[in-house]
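Visitor: Output the structure for:
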Amino acid sequence: MKKFVSEFKEFAMKGNVVDMAVGIIIGAAFGKIVTSLVNDIIMPLIGVVTGGMNFTDYKWVIQKAVMDGQEVIKPEVTMNWGAWVQTVVDFLIVAFCIFVMIKFINNVRKHMEKQQAEEVAAAAPAEPTKEEQLLTEIRDLLKENQEKKQ
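Guide: You can find the predicted model right below:
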């Protein structure tokens, strides 16, 4: 049992699992923001443009409700195409927002990688100049000649 608990603990604490959990939590919060953007800002604007239409209320009644006075015996059967339009708009906006966010992250990442590469290049010792190379050769030849004489 200890081995099982130990293995589970190791699995749960791996970086990928923790990163995934953080991503899911942030994604859920991001989803709420986008849903609010769609419901509270974009759909009312679309409603104004389309003459006050509220898409979520649009439906196609396949079968009317069966009533007995005020009591519903059998509820109506509908295709809620307005809710579907709302969901499609939600999806398109979420997809666009994620596209923009990933594009931004990739640009930041590219910039950071370029900056790191420049720092590494700057930190690397510079190639010796031709003069330094010639002077090094001359020094080595002089050392060789001096060693031969001894």
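Visitor: Past the one helix or strand I102 maps to, which element shows up next along the chain?
Guide: Assigned by DSSP states H and E, I102 belongs to helix 81-123. Going down the chain from helix 81-123, the next helix or strand is helix 130-149, by DSSP H and E.
Visitor: same for that following helix, what does it pack against?
Guide: In terms of contacts (3 or more C-beta pairs under 8 Å, 6 or more residues apart in numbering; DSSP states H and E), helix 130-149 is not packed against any helix or strand. The C-beta positions use only the backbone N, C-alpha and C, and glycine is treated the same way.
Visitor: returning to that earlier point: as a whole number, average confidence for the helix holding I102?
Guide: For helix 81-123, mean pLDDT is 86.
Visitor: likewise stretch 65-74?
Guide: pLDDT averaged over stretch 65-74 gives 86.
Visitor: contacting residues around that stretch?
Guide: Taking contacts as C-beta atoms under 8 Å, 6 or more residues apart in numbering, the residues outside stretch 65-74 that touch it are 75-76.
Visitor: Any idea how far apart the tips of it sit?
Guide: One end of stretch 65-74 sits 6 Å from the other (C-alpha to C-alpha, to the nearest Å).
Visitor: mind listing what's buried in it?
Guide: Buried residues in stretch 65-74, defined by neighbour count with 16 or more other C-beta atoms under 10 Å: none.
Visitor: Look at R109 and say how many residues are nearby.
Guide: Number of residues near R109 (other C-beta atoms under 10 Å) recorded here: 10.
Visitor: for it, what are its contacts?
Guide: Shown in contact with R109 (C-beta under 8 Å, 6+ apart): no residues.
Visitor: repeat for Q146
Guide: Applying C-beta under 8 Å, 6+ apart to Q146 gives no contacts.
Visitor: Could you number the chain from 846 rather than 1 from now on?
Guide: Okay, using 846 as the starting number, the last item reads as Q991.
Visitor: now the helix holding I947, how far from the chain's geometric center?
Guide: Here helix 926-968 is found 6 Å from its chain centre; the criterion is C-alpha atoms, centre = their mean, to the nearest Å.
Visitor: And stretch 976-995, by the same measure?
Guide: Relative to its chain's centre, stretch 976-995 lies at 60 Å (C-alpha atoms, centre = their mean).
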